[in-house]
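Q: below is the structure, and that's it, no one-letter string:
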């Protein structure tokens, strides 16, 4: 088991370095989880989605969300079975999801997502966003763990 990460800066660095996020929502008495691209800034996560579908329906029913990101570095082998370790960092968080209506806030969230993955010039106003939902998660809690890192 990894060591708890208490340093807020390390938690934020993991969120900024992770390639994707796993979003967890509530579907009545069943969990629903989906990997998704995301943007992050100032304890706020932005997601994009089709304006219709399971994620949107579930958020409309229940605004509570959880998420997980991780950076997996390598398997640390052992000569003994069941004694392998993973070098990793992970963050699990909880928050409140909102489907954004304000066009300026939608553009701000979409820009954070695009800038994370796209390194070429673009004009946000030229993008076709009809039918695209932008979701904001206001982060309430962050918990992290790591193993095998230099600062364990």
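A: Structure's in. What do you need? On a predicted model such as this, the values are computed, not experimentally measured, just so you know.
Q: ok, then the element right after the worst-scoring helix or strand of the chain on mean pLDDT?
A: One helix or strand of the chain scores below all others by mean pLDDT, DSSP states H and E: strand 64-76, with a mean of 89. For strand 64-76, the succeeding helix or strand toward the C-terminus, using DSSP states H and E, is strand 85-99.
Q: give me the helices and strands touching that next one, please.
A: Strand 85-99 sits against helix 8-17, helix 54-61, strand 64-76, strand 132-147, with contacts defined as 3 or more Cβ pairs under 8 Å, 6 or more residues apart in numbering; DSSP states H and E. For every residue, glycine as well, the C-beta is placed using N, CA and C.
Q: need the contact partners of the longest helix seen in the chain.
A: When the chain is scanned for its longest helix (criterion: DSSP state H), the result is helix 103-117. For helix 103-117, the surrounding residues in contact (Cβ atoms under 8 Å, 6 or more residues apart in numbering) are 37-41, 46-48, 100, 122, 124-125, 127, 129, 132, 134-136.
Q: adjacent strands (with direction) for the least confident helix or strand of the chain?
A: Sheet pairing for strand 64-76, assigned by DSSP bridges, gives strand 21-27 (antiparallel), strand 85-99 (antiparallel).
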